[in-house]
Every structure is written in structure tokens, then in C-alpha cells.
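*Asks:* predicted model and sequence below, questions to follow.
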Amino acid sequence: MDLTSAKIKINRWLIVAILGLTWGFSYEPPYIRYTFHEQLVDLCGYTDVQLGLMLSVYGTAALVFYVIGGVSADRFSCRSLIVTSLLATSFGCGIMALYPPFWVALSVEFLWVITTIALLWSPVAKVAALLGTQKEQGKILPMVSSFEGVGAFITTFTATFVFSKIGADTNPNSLRIVWIVYAVWGIVIAVASYLFIPARTLYEDKAVTEKVTLTAAEKEQKKKENRGVLGQVLRNPMTYIAAFIVLGSYIVYSCLTYTQSFLCDMYGMDMTTASYFSIIRNQVMKIVAGPLSVVLMSTAILKSSPTRLCIVSGFLSVAGLVATMLMPANPAVLPLLMGVAIILSLFALLGKSNNFACTGETGVDPKIFGTMTGVVSLIGYSSDTWIYTVIGSWQENLAPQIAYNRIWYLAIFGCALMAGSGLALIFRLKKSQKA
């Protein structure tokens with residue numbers, strides 16, 4: 001992939017859009033219970049416990065496969081991994097359309113761990129990162145995140161629309177059609193990925209040229225270097241700084257998913273309003289965050305630095321969280337709090353959309369970018385193993401006001417971790433530049 005070629009320059013944003021759509025589509029089938037929970041219970045016969053177990057298996061196994069996916073992205077063609085992932089995810093949707101017994105559904109959920117994490121996550125991040133220079137990554141990766149929101153919205157909206165038109169809950173085959181809609185989307189995006197995503201990254205193109213001229217001794221040395229890639233990443237302090245930026249950002253994002261229940265429990269927001277609020281707070285703001293971050297990073301203050309944007313979003317989020325906790329428990333302030341919550345979500349998504357642009361800002365060698373992304377993801381998303389259990393325990397055992405205040409305190413800790421790690425990254429970069 002020659003980044004100086006006119007073809008790549010013309011197609012770059014089309015490739016960015018397709019990469020975002022792959023992420024947006026691929027994570028909908030594993031998390032389908034968020035949209036079709038009751039239908040999975042009534043039509044497929046799964047219990048709440050079984051559905052919970054499926055998500056637990058997905059979340060836990062994903063942590064292991066982040067690293068495997070990162071190494072795979074550095075060793076194999078990213079385009080081949082992405083296309084294989086999409087087709088295999090569609091195959092899983094086809095199996096689920098048969099309303100299989102629980103043990104088969106659990107196996108499909110594990111298959112999706114492989115397709116979405118081991119085959120898709122790091123390859124998409126690596127291709128996106130290598131579409132431009134380090135400075136351009138601050139524009140490219142947020143737009144991938146934005147198109148991820150578009151992909152999730154289009155696929156879920158299409159499935160929900162078809163579901164409502166064919167009888168919804170009154171039609172016992174309606175959920176089968178939903179799975180088929182998801183499968184068709186996966187195949188369509190797989191074809192688009194094959195046609196437009198470059199077959200090789202910039203590094204792989206150079207490697208092909210070098211392979212012809214290398215001596216036998218040089219080839220052997222190169223093999224040793226490749227085997228030591230994971231060790232290089234684990235020994236690099238920048239890996240952990242980048243990982244803590246992601247971890248802090250993800251803790252904030254996870255805590256803010258309780259905003260809707262907070263407004264319903266404490267301020268009496270009705271369920272209809274809650275549904276529209278959820279769409280605006282999550283999906284709409286996710287689409288807005290990418291382009292907005294590109295605009296913000298063009299300012300003199302941020303200097304095209306995604307890390308600086310994460311730091312600023314962390315401080316602004318703290319201000320919003322403190323304002324939320326100081327609001328009186330009066331339903332009259334509900335509209336104001338809804339506005340604050342939407343802005344808070346935007347701040348969180350501004351940081352989240354730039355997480356892996358921060359990884360690129362560390363100056364990581366492109367040939368190990370995939371592996372570094374995998375390790376950063378493993379640490380950055382490790383809060384999935386405990387955060388929902390801890391918050392659930394607070395909600396069950398504490399008074400609502402105390403429980404929600406603890407959630408906001410945890411979010412503030414996440415802001416501090418993200419901003420502090422960002423400052424550490426900038427400090428180390430300035431130190432290395434002086435040296």
C-alpha cells in the first residue's frame with residue numbers, strides 16, 4: 001500500500017468508512033440481547049442466566065484473543081483476516097437463525113470471540129493507522145470510530161425495521177429473519193472490504209521488496225526479530241502508558257452507560273423518553289464524536305495531538321461529573337441533567353475515539369503496531385472483568401443516591417487515569433525529542 005499514490009489518497013476515506021462499518025456490524029450479533037432480549041427468551045427459549053453466561057464467555061475470552069489478534073495482524077494479510085472475520089460472523093448468524101439449543105448458541109458466541117477479536121479488531125486498527133502518517137492518524141482513527149457508529153446504527157435499524165414489518169413478536173420466524181439480515185450485511189461488507197481495503201500494508205510492501213535482496217544470514221536475523229515482537233512490546237513502557245489511557249477512557253465510558261437508569265431512578269424519566277435519550281446519548285454522539293475530534297485537533301491548543309484531546313476531554317468530564325453530583329434531587333432539573341449527560345457522553349466518546357491514535361503517537365514501529373494494539377486492548381478493556389459486577393453490587397446493596405455517587409466517583413478516577421497517562425505520554429515524547 002503506497003501511501004503516496006493518487007489511488008490511496010482518493011480512496012482513503014472510502015477505506016476509512018468501510019473499516020468503520022466492519023467494526024459497527026461485527027459487534028452487533030454478539031450483543032444482540034441488548035436489542036432483542038425478550039425475543040431470545042420467548043422465541044429461542046433461552047433463559048436470562050443463559051444469555052448472561054453467553055456475554056460473560058464473550059467478554060472473558062476476548063481478553064485473551066486481543067493479544068492473539070494483535071500478533072496475527074503483524075504476521076498475516078490484514079485484508080484476508082478482515083474478510084474471513086466478516087464471513088465467519090455471518091456464518092454464525094446463519095446458525096443462530098435455526099434457533100439452536102443453548103450449547104450450540106454458546107459455541108457460536110465463542111466463534112464470534114475469534115471472528116471479532118482475533119481476526120478483526122487489531123487488523124482494522126492497523127490498516128487504519130497505516131493509511132496515513134502519525135499526525136494523520138489523529139484524523140483517521142476518530143473517523144473510523146464515527147463510521148463504526150454509523151455501521152451499528154444501520155445494521156440494527158435495518159434488522160429492527162424488518163422485524164417490525166414481518167409481525168414482530170407475533171411471528172415465530174421473525175427473529176430468524178433478523179439473523180438473516182445480519183448475515184447479509186456481513187457478506188455485503190465483506191465484499192466491500194475485499195474490493196477496497198489494500199491487500200498489503202505499507203510495511204508489508206517494503207518487506208516484499210526487501211525479501212529479494214536479503215542474504216540468508218539477514219533473513220535468519222529477521223525471523224528472530226519477528227519471534228521477539230511480543231517481547232519488544234511488553235518491554236516498552238509506552239505500551240503501558242497507552243494501555244492506561246485506554247483503560248481510563250473505557251472506565252469512564254462504562255460508568256456513563258448507567259446514566260439512563262440514573263435519570264429514571266432518581267429523576268423519574270419515563271421509558272419512552274429514555275429510549276430516545278439512549279439513541280442520542282450513544283449512537284448519535286458516537287457519529288458526531290469522530291468529525292468533531294478532527295475539527296478540535298486542528299486548533300493551535302491541541303496541535304493535532306489525540307493525546308492532548310484525551311487529556312482535555314478527561315478534565316471536562318470531571319467538571320461534568322461533579323456538576324451531576326451537585327444537582328438537587330428534583331424532577332424539575334431533568335431536562336438540564338439530560339443535556340449534561342449527553343455532553344458528558346460526547347466528551348467520553350471524543351476520548352474513546354482517539355484511544356488508538358494515542359497508541360500511534362507513541363512512535364511505535366508499524367511492523368509491531370498490531371501486537372501493541374492487542375496488548376493495549378487486553379489491559380485497556382480488562383475492566384470488563386470486574387466493573388459491571390462491582391457496580392451491580394452497589395446498586396443492589398446501597399441506597400440509590402449512594403450507589404450512583406460511587407459510580408460517578410469511579411468515572412472521575414477513570415478521567416484522572418486517562419488524563420494522567422496522557423500527560424505522562426507527552427512528557428516522555430518531549431524528553432525523547434530533546435535527547
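*Replies:* Received, thanks. Numbering: from 1, shown residues only.

*Asks:* lowest average confidence, helix or strand, in this structure?
*Replies:* helix 202-213 (a mean of 50; mean pLDDT, DSSP states H and E).

*Asks:* roughly how far apart are T35 and V113?
*Replies:* 20 Å (Cβ to Cβ, to the nearest Å). Bear in mind the C-beta positions are built from the backbone N, C-alpha and C, glycine included.

*Asks:* then T359?
*Replies:* Counting by Cβ to Cβ - T359 and V113 are separated by 22 Å.

*Asks:* more crowded one of these two?
*Replies:* T359 (30 against 20; other Cβ atoms under 10 Å).

*Asks:* hmm, V375 and the more buried one touching each other?
*Replies:* No: look at T359 against V375 with Cβ atoms under 8 Å: they stay out of range, at 9.8 Å.

*Asks:* list the residues that contact I68.
*Replies:* By Cβ atoms under 8 Å, 6 or more residues apart in numbering, the contact list for I68 reads I117, A118, G374.

*Asks:* repeat that for G380.
*Replies:* Going by Cβ under 8 Å, 6+ apart, G380 touches A243, F244, I245, V246, L247, S249, Y250, N355.

*Asks:* dump the residue contacts of the first one.
*Replies:* When contacts are counted by Cβ under 8 Å, 6+ apart, A243 is found next to V375, V376, L378, I379, G380.

*Asks:* can you pull the pLDDT of it?
*Replies:* Per-residue confidence (pLDDT) for A243: 94.

*Asks:* how far away is it from A152?
*Replies:* 25 Å.

*Asks:* out of the contacts of I68, list just those in helices.
*Replies:* G374 (DSSP state H).

*Asks:* dump the contacts of I68 into a markdown table; add distance to A329 as well.
*Replies:* Below are the contacts of I68 laid out as a markdown table (distance: Cβ to Cβ, whole Å):
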| residue | distance to A329 |
| --- | --- |
| I117 | 41 |
| A118 | 46 |
| G374 | 44 |
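
*Asks:* which of the contacts of I68 lies closest to K135?
*Replies:* The shortest approach to K135 among the contacts of I68 belongs to G374, at 23.8 Å (Cβ to Cβ).

*Asks:* what about that closest one, how many neighbours?
*Replies:* Under the criterion other Cβ under 10 Å, the count of neighbours that G374 has is 27.

*Asks:* does it touch R75 like I think?
*Replies:* No: between G374 and R75 there is no contact under Cβ under 8 Å: 11.6 Å.

*Asks:* for the stretch 301-435 of the chain, what spans make up the helices?
*Replies:* 306-326, 334-353, 355-361, 369-380, 387-397, 400-434 (DSSP state H, counting those that start in this stretch).

*Asks:* show me what the third one is packed against.
*Replies:* By that I understand helix 355-361. Applying 3 or more Cβ pairs under 8 Å, 6 or more residues apart in numbering; DSSP states H and E, one finds that helix 355-361 makes contact with helix 122-129, helix 134-165, helix 237-256, helix 306-326, helix 369-380, helix 400-434.

*Asks:* among those, which is nearest N171?
*Replies:* helix 134-165 (8.8 Å).

*Asks:* in the closest one, what's buried?
*Replies:* 134, 136-153, 155-156, 159, 163 (16 or more other Cβ atoms under 10 Å).

*Asks:* what residue ranges in the protein score low on pLDDT?
*Replies:* 1-10, 200-227, 271-272, 275, 300, 434-435 (pLDDT under 70).

*Asks:* so what touches stretch 383-396?
*Replies:* 59-60, 62-63, 247, 250-251, 254-255, 258, 402-403, 406-407, 410.

*Asks:* again, 7 Å this time
*Replies:* By Cβ atoms under 7 Å, 6 or more residues apart in numbering, the residues outside stretch 383-396 that reach it are G59, T60, L63, L247, Y250, I251, S254, Y258, A403, R406, I407.

*Asks:* the last one: neighbour count?
*Replies:* A total of 23 residues lie near I407 under the criterion other Cβ under 10 Å.

*Asks:* I'd say it and L256 touch.
*Replies:* No: contact criterion Cβ atoms under 7 Å: I407 and L256 do not qualify, at 8.9 Å.

*Asks:* can you give me the helices for the stretch 1-150 of the chain?
*Replies:* 6-26, 33-42, 48-75, 78-96, 102-113, 122-129, 134-165.

*Asks:* distance to V178 for the ones you listed - can I get that in JSON lines?
*Replies:* Compiled in JSON lines, the helices of the stretch 1-150 of the chain are given as follows (distance: least, Cβ to Cβ, whole Å):
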{"stretch": "helix 6-26", "distance to V178": "14"}
{"stretch": "helix 33-42", "distance to V178": "7"}
{"stretch": "helix 48-75", "distance to V178": "15"}
{"stretch": "helix 78-96", "distance to V178": "9"}
{"stretch": "helix 102-113", "distance to V178": "14"}
{"stretch": "helix 122-129", "distance to V178": "25"}
{"stretch": "helix 134-165", "distance to V178": "5"}
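
*Asks:* roughly how far apart are the residue lying closest to I117 once chain neighbours are set aside and S254?
*Replies:* Residue nearest to I117 in three dimensions, not counting chain neighbours: F65, with 4.1 Å by Cβ to Cβ, 6 or more residues apart in numbering. According to Cβ to Cβ, F65 stands 20 Å off from S254.
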